[in-house]
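S.K.: just coords:
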Ligand SMILES: Cc1ncc(COP(=O)(O)O)c(C=O)c1O
Ligand SMILES: N[C@@H](CCCC[NH3+])C(=O)O
């Protein structure tokens, strides 16, 4: 459910006409709906009512400061994966005690920054990282709270590039070594093992892989109790999917129910790290038709957004619904590839898509672009990055101004 709706054949975000936004802010343009973000966060977070829990929004999905602030005001914590994300979360006023830090390659300075901020915990992904955190913490005379991220070897049944809990993936500590590493963590001078973590993948459309992973984690939890290692937090990561096309992912309520059943009598705090399910359908990317072109085997609609703005179709072959911003009553349709100006054949937003007949200047909305859209964008082909707008009812917030040419070369001053 989201608040991008057609009124009299024209697309609105909440109370604001998308066409009007484009007249003022141009294209390509990311537009987010505050009401949708709030709705998604509340729907997710309230699904775990009755369990001690902390929802830590996954910053990588959409890290705009306005979005982090909005979610922080609703009580969200944050799941971060870099010093840069820590910087953003702190700037957005997130309480450090609600921040968890995941990722396989934390650098020393990032560990130091997180210890200085006194975040809730590190999700540790290897023995070597654990030893590094202990070293940095002891130099700073601090105790680092940690969870070990377990790789439970569970198939999340999603795109291989976004599966993270299989043996062959780089993430986490194999479950067979977990006890050993917990014993080590327990004995290290500046480490306090407080949790168990896992994150098996993204865009999951069924609950059973989560439950398989949880069962393995609960098994480990009991073994640790026997060893006298008292675990206070179980972090099940993110990964709940959304509808892009015809997928039917479970509602957070179902997910919540299933987890409550397993965790009811456990004296632990559940941590969740949702990203896509909060942000994905809370944003669109608006683009303008530049040219239409007929080739022997295909029709092309060449638009002003490209893979540098939204890389998901090129990288994963992902489907994003595309609709004209102004609906036309004409019945004529074409089947075409929607492509950008970048010099790569892989630069497409859709392939063989049936669309109404379009002409130069028409506006298209690319839906479900609120997660892993702007955050994965780049300046490839020296294209300044798009602007981001946050709409809250009838209020328009320029959440990030459009980049200008100087933004392309600002860091190259030695060469000017
Ligand atoms: C450690 C971790 N937590 C949370 C997430 C958020 O995942 P999603 O956006 O699928 O909820 C990710 C990304 O997959 C991740 O790597
Ligand atoms: N970037 C991916 C999700 C990866 C999640 C990060 N662990 C996507 O666009 O679907």
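M.R.: Cool, the structure landed. Predicted model, so just to flag it, every value in this text is computed and none were measured. Ligands and ions are numbered 1, 2, ... in the order given.

S.K.: Check which helix or strand residue 181 maps to.
M.R.: helix 175-187 (DSSP states H and E).

S.K.: Let me fix that, I meant to ask about residue 132.
M.R.: Per DSSP H and E: helix 127-139 holds residue 132.

S.K.: what ranges do the helices span in this protein?
M.R.: Counting by DSSP state H, one finds helices in the chain at the ranges 18-25, 34-46, 65-73, 83-91, 108-117, 127-139, 175-187, 208-226, 252-263, 276-279, 312-316, 405-409.

S.K.: Can you tell me which residue is spatially central in this protein?
M.R.: Among the residues of the chain, the one closest to the centroid is residue 61, at 2.1 Å (C-alpha atoms, centre = their mean).

S.K.: one step back: buried residues in the helix holding residue 132, which are they?
M.R.: Across helix 127-139, burial judged by 16 or more other C-beta atoms under 10 Å covers 129, 130, 132, 133, 134, 136, 137. Heads up, the C-betas are built off the backbone N, CA and C, glycines and all.

S.K.: How about stretch 180-198?
M.R.: By neighbour count on 16+ other C-beta under 10 Å, the buried set for stretch 180-198 is 181-182, 184-185, 188, 190-191, 193-198.

S.K.: any idea of the mean pLDDT for that stretch?
M.R.: Mean pLDDT, computed over stretch 180-198, is 97.

S.K.: Quick check: end-to-end length of that stretch?
M.R.: End-to-end span of stretch 180-198 (C-alpha to C-alpha, to the nearest Å): 17 Å.

S.K.: Begin at 37 from now on, thanks
M.R.: Happy to do that; since the first residue is 37 now, the last one works out to stretch 216-234.

S.K.: Is there proximity between that stretch and ligand 2?
M.R.: No: under the criterion of C-beta under 6 Å from any ligand atom, ligand 2 is not reached by stretch 216-234; the shortest gap measures 12.7 Å.

S.K.: Once you drop chain neighbours, what's closest to residue 239?
M.R.: Nearest non-adjacent residue to residue 239, counting by C-beta to C-beta, 6 or more residues apart in numbering: residue 277, 4.3 Å away.

S.K.: quick one: the one you found and residue 352, what's the gap?
M.R.: 13 Å (C-beta to C-beta, to the nearest Å).

S.K.: So for those two, which sits in the more crowded spot?
M.R.: Neighbour count, other C-beta atoms under 10 Å: between residue 277 and residue 352, residue 277 has more, with 20 against 15.

S.K.: isn't the more buried one right up against residue 285?
M.R.: Yes: with contacts counted by C-beta atoms under 8 Å, residue 277 reaches residue 285, the gap being 3.9 Å.

S.K.: so what's the closest residue to residue 433 other than its chain neighbours up against?
M.R.: Nearest non-adjacent residue to residue 433, counting by C-beta to C-beta, 6+ apart: residue 426, 4.3 Å away. Residue 426 sits next to 68, 70, 100, 102, 103, 106, 432, 433, 435 when contact means C-beta atoms under 8 Å, 6 or more residues apart in numbering.

S.K.: And the residue of the stretch 87-236 of the chain closest to ligand 2?
M.R.: Proximity of the stretch 87-236 of the chain to ligand 2 (C-beta to the nearest ligand atom) peaks at residue 198, 4.6 Å away.

S.K.: The stretch 337-452 of the chain against ligand 2: which residues are in contact?
M.R.: So the stretch 337-452 of the chain meets ligand 2 at 348, 408, 412 (C-beta under 6 Å from any ligand atom).

S.K.: which of those residues tops the neighbour count?
M.R.: Of all these, residue 408 has the most neighbours under the rule other C-beta under 10 Å, reaching 25 neighbours.

S.K.: List phi and psi for it.
M.R.: Residue 408 adopts backbone torsions of phi 60, psi 30, taken as degrees, to the nearest 10.

S.K.: In this structure it contacts residue 351, no?
M.R.: No: using C-beta under 8 Å, residue 408 is not in contact with residue 351; the gap is 9.3 Å.

S.K.: Name the residues of the stretch 237-386 of the chain found near ligand 1, please.
M.R.: That would be 238, 273, 274, 275, 276, 309, 310, 311, 312, 313, which are the residues of the stretch 237-386 of the chain within reach of ligand 1 (C-beta under 6 Å from any ligand atom).

S.K.: Name every strand pairing with the helix or strand of the chain with the lowest mean pLDDT and say which way it goes.
M.R.: Lowest on mean pLDDT, DSSP states H and E among the helices and strands of the chain sits strand 209-210, with a mean of 90. In the sheet, strand 209-210 lines up against strand 180-187 (parallel) (DSSP bridges).

S.K.: Domain ranges for this structure, per the record?
M.R.: Domain assignment for the chain by automatic domain parsing gives 40-68+316-451, 70-315.

S.K.: okay, the ones you listed, which one's buried deepest?
M.R.: Each of the domains of the chain was scored by mean neighbour count; the highest is domain 70-315, a mean of 19, by mean count of other C-beta atoms under 10 Å.

S.K.: how far out from the middle of the chain is it?
M.R.: Between the centre of domain 70-315 and the centre of its chain there are 13 Å (C-alpha atoms, centre = their mean, to the nearest Å).

S.K.: Next: stretch 436-445.
M.R.: On C-alpha atoms, centre = their mean, the centre of stretch 436-445 falls 24 Å from the chain's centre.

S.K.: measure residue 83 to residue 130 for me?
M.R.: Counting by C-beta to C-beta, the gap from residue 83 to residue 130 is 21 Å.

S.K.: do the same with residue 345
M.R.: With the distance defined as C-beta to C-beta, residue 345 ends up 27 Å from residue 130.

S.K.: Over to residue 167?
M.R.: Residue 167 sits 28 Å away from residue 130, going by C-beta to C-beta.

S.K.: With residue 433 instead?
M.R.: Counting by C-beta to C-beta - residue 433 and residue 130 are separated by 19 Å.

S.K.: How are the strands of the stretch 237-386 of the chain distributed by residue range?
M.R.: 269-271, 305-308, 319-330, 335-339, 358-360, 369-375, 384-392 (DSSP state E, counting those that start in this stretch).

S.K.: so for the first one, what's the average pLDDT?
M.R.: Looking back up the chat, that one is strand 269-271. Strand 269-271 comes out at a mean pLDDT of 97.

S.K.: And the contacts of that strand?
M.R.: 136, 157, 159, 183, 230-235, 250, 253-254, 257, 299, 302, 304-309.

S.K.: Tell me the backbone dihedrals of the residue sitting furthest away from the middle of the chain, please.
M.R.: The centre of the chain is farthest from one residue, residue 332, which by C-alpha atoms, centre = their mean lies 39.0 Å away. For residue 332, the backbone dihedrals (degrees, to the nearest 10) come out as phi -50, psi -40.
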